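Student: Here is a sequence with its predicted model. Questions after.
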Amino acid sequence: MDLRELRYFESVYELESISAAAKHCFISQPSISSAIQSLEGYLGEPLFIRHTRGVNPTDAGHRLYPMAQQITGQARSIKQSFQRKINIRPFRLGVVPALGASRMSLLMKEIIDSVKGIELTLVDAEKRTCDARIIADNMVKKDEAFFPFWKDEFMMALPPGHPLSYKQELEYEDLKGLNFILRGPSLVTRTLLRSLEPHNIKMNTRARVKTVEYAVELVAAGVGAAIVPNHPSFFNTQKLILLPIKGHKFERVIGLGYSKEIKMDEALSGVINLCKVNKTKD
């Protein structure tokens, strides 16, 4: 057992997905799987139950997690205590709530751990002056450079046991009178509603929320359906039915925006390079 294996275990535990953990740790899925198998062999107990949508921690996994956090945290403290003091660079990073707190928290941690001397302050990407912004491509300003690194595909999330959950995809007629959780402001949701208007199809809005996390929890509680990104970070605690809508492919490109006139320093360069490492293959 080594620190690397424990760090990989922590990522799989937190994301409940080997593929998502591989992206987060910037390594291949087989390397993550091998590390978990090595830990399981060392401890003599399975740490996760594998299923089609990811993994769930076993009782042994739940017991190991706080101990792993303590060990890896102490290791980081040792390294930091021997590092030379460096100049602190305040960095204002704009973010929007719709990108997901869990996924963004992991990225923020990587930035803080990887970019020397950065003092990160998160601000509202739409209302505050920023050194850089993590935004959707439709938010890019004319004077900004934009580097895309994530792509989200949106699908309709249905409550467990919903009558439509047996289908492979949804058609317009399926949406007529469907209990719906309206998330706004959301370009994807607005696009869907506009596409329904010519067909005289209306859904039954049961709740209005601003974040994906609230929408997911309300869907899981059986309040209604919602359009959400098909990304594992949004479903750490809930397993929902996700279906496409026939004839539509809703996507969102997320990237780093920054002023074309800004002076490129070590902090901004480090953030850009980290976003390049996080870039999805597609």
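Tutor: Perfect, I can see it now.
Student: Let me see the contact set for the closest residue in space to Arg252 that isn't next to it in sequence.
Tutor: In space, and not counting its chain neighbours, Arg252 is closest to Asp152: 4.5 Å by CB to CB, 6 or more residues apart in numbering. In short, each C-beta sits where N, CA and C put it, glycine included. Going by CB atoms under 8 Å, 6 or more residues apart in numbering, Asp152 touches Pro229, Asn230, His231, Glu251, Arg252, Ile254.
Student: What of Ala207?
Tutor: Contacts of Ala207 by CB under 8 Å, 6+ apart are Ile181, Leu182, Leu218, Val223, Gly224.
Student: Most neighbours among the contacts of Asp152, which one is it?
Tutor: Pro229 (27 neighbours; other CB atoms under 10 Å).
Student: tell me what the host helix or strand of Gly41 is packed against?
Tutor: Element membership for Gly41 (DSSP states H and E) is helix 29-43. Judged by 3 or more CB pairs under 8 Å, 6 or more residues apart in numbering; DSSP states H and E, the packing partners of helix 29-43 are helix 3-15, helix 18-25, helix 59-81.
Student: Mind listing what's buried along the first one?
Tutor: The neighbour-count check on helix 3-15 (16 or more other CB atoms under 10 Å) flags Glu5, Leu6, Arg7, Tyr8, Phe9, Glu10, Ser11, Val12, Tyr13, Glu14, Leu15 as buried.
Student: domains for this protein, by residue range?
Tutor: Domain assignment for the chain by automatic domain parsing gives 3-81, 89-150+253-277, 151-251.
Student: export the ones you listed to JSON lines and tack on mean pLDDT?
Tutor: What follows is those, written out as JSON lines (pLDDT from 0 to 100):
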{"stretch": "domain 3-81", "mean pLDDT": "87"}
{"stretch": "domain 89-150+253-277", "mean pLDDT": "87"}
{"stretch": "domain 151-251", "mean pLDDT": "88"}
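Student: how close does the residue most central in space within the chain sit to Phe234?
Tutor: Of all residues in the chain, the one closest to the mean position by CA atoms, centre = their mean is Arg103, 3.1 Å from it. Arg103 is 8 Å from Phe234, where distance means CB to CB, to the nearest Å.
Student: pull the longest strand from this structure.
Tutor: The strand spanning the most residues in the chain, taking DSSP state E as the definition, is strand 144-158.
Student: Now the element after it, going C-ward?
Tutor: Counting by DSSP H and E, what follows strand 144-158 is helix 172-175.
Student: what angle do the following helix or strand past that following helix and strand 144-158 make?
Tutor: Using DSSP H and E, the next helix or strand after helix 172-175 towards the C-terminus is strand 179-183. Computed by axes from the mean of the first three to the mean of the last three CA atoms, to 10 degrees, the angle separating strand 179-183 from strand 144-158 equals 160 degrees.
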